[in-house]
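K.L.:
Generate a structure from the sequence data that follows.
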Amino acid sequence: MNDLFAGTASTPGVHIGIGGWTYVPWRGGTFYPVGLVQRRELEFASRQLTSIEINGTYYGTQKPAIYAGWRDATPEGFVFSAKAPKRIVSARKLAGTGAQIDDFIDGIGHLGDRLGPLVWQFDAGRTLDPDDFAAFLQLLPRQVNGRRQRHALEVRDRAFFDERLVGLARQHGLALVYTDSPDYPNAADLGADFVYARLMRSRDACDTGYPAAELAQWAERVMAWRRGQDPHDLPHLAAPAGPAPQGREVYLYFISAAKHRNPAAARQLQQRVDQN
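P.N.:
Numbers count the residues shown, from 1 in each chain. Okay, the predicted model is just below:
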């Protein structure tokens, strides 16, 4: 079985993966090999994909030893992203969550160099106050354990989802999550030196989640982002960002929808990007 854990080739600066790694329909040959024990699923997944978004941290954080164990189970170069806790992003006064943010960071920082961007998701139905939100952004640490820390904002409050939000993101060097979803507002405005996308349209009828033509189109967008360009075929709230001569790092995840198809979609997209 050891050859099943062989790493995947990857284009530098491009991280493509899925949300979480514990999902029953992925077992028994759909993604995880028949006979693979559950405790080795992260070890396997992290050698088939280049990144995983940790969703469970939205509902509850882990002990430092758990994060350290996840770090040690994954190969060099693999990167996690993680959703920030709901108790923080749903607080009535965001500007007063500094201690909770510090507590979250102290724990998840044990991922070490496997820690990628943190996603701060503000759900629909939550009305955001501009001044409170701006003060909250000041609380987000720019370094964790001496390493630069990136942050991405996913805002589902349609009243707050406008050019003002783009300006705040750019002012603070934060990414706006491009949520390719029919249910949530989405825009591909760039505000940082990295891009964060969550694709939510995988289909059960397609073995690879997305049809080949759509995967090819997403591969083109990923490479355009990586080159520092701003694809104009995606929706924007503000004027497109100028080119980034050094390029932008890309984090892209297949989330929700026909979830059992998402590992195949991620692997197919990674292969297309690597072939370019």
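K.L.:
So Gln100 versus Ile66, what's the distance?
P.N.:
Between Gln100 and Ile66 the distance is 19 Å, computed by Cβ to Cβ, to the nearest Å. Where you see a C-beta, it was placed from the backbone N, CA and C, and this is true even at glycine.
K.L.:
I'd like to know how many residues surround Trp26.
P.N.:
Per other Cβ atoms under 10 Å, the neighbour tally for Trp26 reads 19.
K.L.:
Contact partners for it?
P.N.:
Applying Cβ atoms under 8 Å, 6 or more residues apart in numbering to Trp26 gives the contacts Tyr32, Glu41, His260, Pro263.
K.L.:
Check Asp204 too.
P.N.:
Asp204 touches Ala258, His260, Arg261, counting by Cβ under 8 Å, 6+ apart.
K.L.:
Show me where the stretch 1-150 of the chain has its strands.
P.N.:
14-19, 51-54, 79-83, 115-122, 143-144, 147-148 (DSSP state E, counting those that start in this stretch).
K.L.:
now those in a markdown table, with mean neighbour count and distance to Ala169?
P.N.:
Below are the strands of the stretch 1-150 of the chain laid out as a markdown table (neighbours: other Cβ atoms under 10 Å; distance: least, Cβ to Cβ, whole Å):
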| stretch | mean neighbour count | distance to Ala169 |
| --- | --- | --- |
| strand 14-19 | 26 | 20 |
| strand 51-54 | 25 | 19 |
| strand 79-83 | 22 | 17 |
| strand 115-122 | 23 | 11 |
| strand 143-144 | 13 | 19 |
| strand 147-148 | 9 | 17 |
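K.L.:
So for Asp274, which of these sits nearest?
P.N.:
Among the strands of the stretch 1-150 of the chain, the nearest to Asp274 by Cβ to Cβ is strand 14-19 (8.3 Å).
K.L.:
and of the contacts of Asp204, the nearest to Phe122?
P.N.:
Among those, Ala258 lies closest to Phe122 (Cβ to Cβ), at 25.7 Å.
K.L.:
The closest one against Tyr210, yeah?
P.N.:
No. If you go by Cβ atoms under 8 Å, Ala258 and Tyr210 don't touch, sitting 9.7 Å apart.
K.L.:
neighbour count winner among those two?
P.N.:
Between Ala258 and Tyr210, counted using other Cβ under 10 Å, the more crowded position is Tyr210 (24 against 18).
K.L.:
Find the nearest non-adjacent residue to that one, please.
P.N.:
Closest residue in space to Tyr210, ignoring its immediate chain neighbours: Ala265 at 5.3 Å, by Cβ to Cβ, 6 or more residues apart in numbering.
K.L.:
which SS state does the one you found fall under?
P.N.:
helix (DSSP: H, G, I helix; E, B strand; the rest coil).
K.L.:
That one: neighbouring residues, count only.
P.N.:
Counted with other Cβ under 10 Å, Ala265 comes out at 27.
K.L.:
Correct me if wrong: it contacts Phe254.
P.N.:
Yes. Using Cβ under 8 Å, Ala265 makes contact with Phe254 at a distance of 4.6 Å.
K.L.:
Can you work out which residues contact both of those two?
P.N.:
Common neighbours of Ala265 and Phe254 (Cβ under 8 Å, 6+ apart) are Leu199, Ser202, Gly209.
K.L.:
what's the burial count for the last one?
P.N.:
In terms of burial, Gly209 registers 27 neighbours under the definition other Cβ under 10 Å.
K.L.:
Pull out the buried positions in stretch 122-142.
P.N.:
Phe122, Arg126, Leu128, Phe133, Ala134, Phe136, Leu137, Leu139, Leu140 (16 or more other Cβ atoms under 10 Å).
K.L.:
could you list every residue that touches the last one?
P.N.:
By that I understand Leu140. Going by Cβ under 8 Å, 6+ apart, the list of residues near Leu140 reads Ile101, Leu118, Trp120, Gln149, His151, His172, Leu174.
K.L.:
Can you pull the phi and psi angles for it?
P.N.:
Main-chain torsions, Leu140, degrees, to the nearest 10: phi -70, psi 120.
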